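**Q** can you look at this prediction? I've put the sequence above it.
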Amino acid sequence: MEITMDLVLPRDVASVPATRKLLDAALAALGVEGHIRDDIEMMLTEACTNVIKHAEHGADYTVRATIQDRRCVIKVIDSGTGFDAALVPLPDPAAEQGRGLMIMRALADDVRFASFPEDGALVALEKHLSYGEDSLGGLLTAGSDVPRGDGFRPAPDEPTARLFEMARTGDTRRLLSQLDNGVSVDLSDHRGETLLMHAAFHGHPETVRALAMRGADPDRADDRGHRPLTGAVFKRENEVVRVLLEAGADPRAGSPSAADTARLVGADEILAWFEEAAPPPA
């Protein structure tokens with residue numbers, strides 16, 4: 001299955017929600033799971049907003065979205081002078097500039113930048129897709145998988161996918177019963193995201209607590225280096241943050257760390273918790 005959408009849009013803020021709605025409608029029709037659509041919506045918003053703010057030449061820009069089996073690739077192409085993203089450091093948490101790049105890197109499975117002197121710049125965002133049970137996308141991609149050469153592990157089989165769905169929906173009782181039957185508490189998916197990480201990102205503190213009590217590692221990072229505590233801070237899941245701290249999660253681990261992320265999003269209350277849990281070295 002391959003679906004391609006090409007949108008040529010005016011450099012106007014009104015184009016951003018229009019683009020989001022068009023792509024989300026296609027993803028929803030295929031049955032792409034909601035949490036993945038949410039991530040795609042946010043990273044697309046940041047990419048388009050960056051074009052509107054920073055592209056210097058030309059009255060429009062292009063968004064090209066390709067849905068190929070279990071992968072979505074979004075390319076945002078402007079007609080400005082571009083920039084070298086490799087030279088852009090992580091943003092100062094007190095500054096507004098640079099936050100979009102951090103968000104895109106956090107949410108996408110792969111981010112690539114290209115700049116062409118006098119001709120503009122391209123941002124390519126890649127996201128692995130998973131489909132709901134009996135969905136159109138699931139039927140169209142039955143038997144296919146993401147090629148091993150693109151950095152992804154094979155997508156989980158159906159029984160394993162159900163375990164991650166239990167974590168995402170906070171179905172603690174059923175999830176724990178599966179652990180009692182021998183499922184690893186640190187089971188991870190094709191992106192290295194654990195059951196605890198899925199529960200944390202989707203705001204289920206009781207599920208996070210139950211998994212931590214069974215021995216789940218609260219600091220285990222996924223394949224991109226993201227950690228449960230950092231994701232919970234980014235999504236403002238305050239109760240989950242509390243539970244992870246109680247479980248021993250380190251707010252200064254990783255880059256960006258949960259503490260860096262709290263400063264970036266202005267979560268002063270969470271920062272105060274971090275100071276209580278792990279005061280900075282003198």
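**A** On my side now, so go ahead.
**Q** would you agree Asn238 is in contact with Glu269?
**A** Yes. Judged on CB atoms under 8 Å, Asn238 makes contact with Glu269 at a distance of 7.3 Å. (Glycine included, C-beta is placed from N, CA and C.)
**Q** more neighbours, the two?
**A** Ranked by neighbour count (other CB atoms under 10 Å), Asn238 and Glu269 place Asn238 first, with 16 against 10.
**Q** how about the more buried one: what's its closest non-neighbour residue?
**A** Leaving aside its sequence neighbours, Asn238 sits nearest to Ile270 (CB to CB, 6 or more residues apart in numbering; 6.7 Å).
**Q** A helix includes that neighbour, no?
**A** Yes. Assigned with DSSP: H, G, I helix; E, B strand; the rest coil, Ile270 falls within a helix.
**Q** for it, what are its contacts?
**A** Val233, Asn238, Val241, Ala262 (CB atoms under 8 Å, 6 or more residues apart in numbering).
**Q** can you list phi and psi of Val185 for me?
**A** Val185 adopts backbone torsions of phi -70, psi -20, taken as degrees, to the nearest 10.
**Q** surely it is in contact with Arg214?
**A** Yes. Under the criterion of CB under 8 Å, Val185 makes contact with Arg214 at 4.7 Å.
**Q** closest to Leu175 among the contacts of Ile270?
**A** The shortest gap between Leu175 and any of the contacts of Ile270 belongs to Val241, at 20.7 Å (CB to CB).
**Q** what about the closest one, neighbour count?
**A** Neighbours of Val241 (other CB under 10 Å): 29.
**Q** just the element for it, please.
**A** helix 238-246 (DSSP states H and E).
**Q** so what touches that helix?
**A** If you take CB under 8 Å, 6+ apart as the criterion, helix 238-246 is touched by 199-200, 203-205, 208-209, 212, 218, 228-229, 232-233, 251, 258, 269-270, 273-274, 277.
**Q** try 7 Å
**A** 200, 203, 205, 208-209, 218, 228-229, 232-233, 270, 273, 277 (CB atoms under 7 Å, 6 or more residues apart in numbering).
**Q** ok, stretch 44-55 next?
**A** 11, 13, 15-16, 19-20, 23, 61, 63, 74, 76, 78-80, 100, 103-104, 123, 125.
**Q** with just CA atoms, put that stretch into CSV.
**A** Listed in CSV are the C-alpha atoms of stretch 44-55, where the atom choice follows Å, rounded to 0.1, in the frame of the first residue of the first chain:
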residue,chain,number,x,y,z
LEU,A,44,3.8,18.3,11.5
THR,A,45,2.7,21.4,13.3
GLU,A,46,6.2,22.3,14.4
ALA,A,47,7.7,21.7,10.9
CYS,A,48,5.0,23.8,9.2
THR,A,49,5.2,26.6,11.8
ASN,A,50,9.0,26.7,11.4
VAL,A,51,8.6,27.3,7.7
ILE,A,52,6.1,30.1,8.2
LYS,A,53,8.4,31.8,10.8
HIS,A,54,11.7,31.4,9.1
ALA,A,55,11.5,30.8,5.3
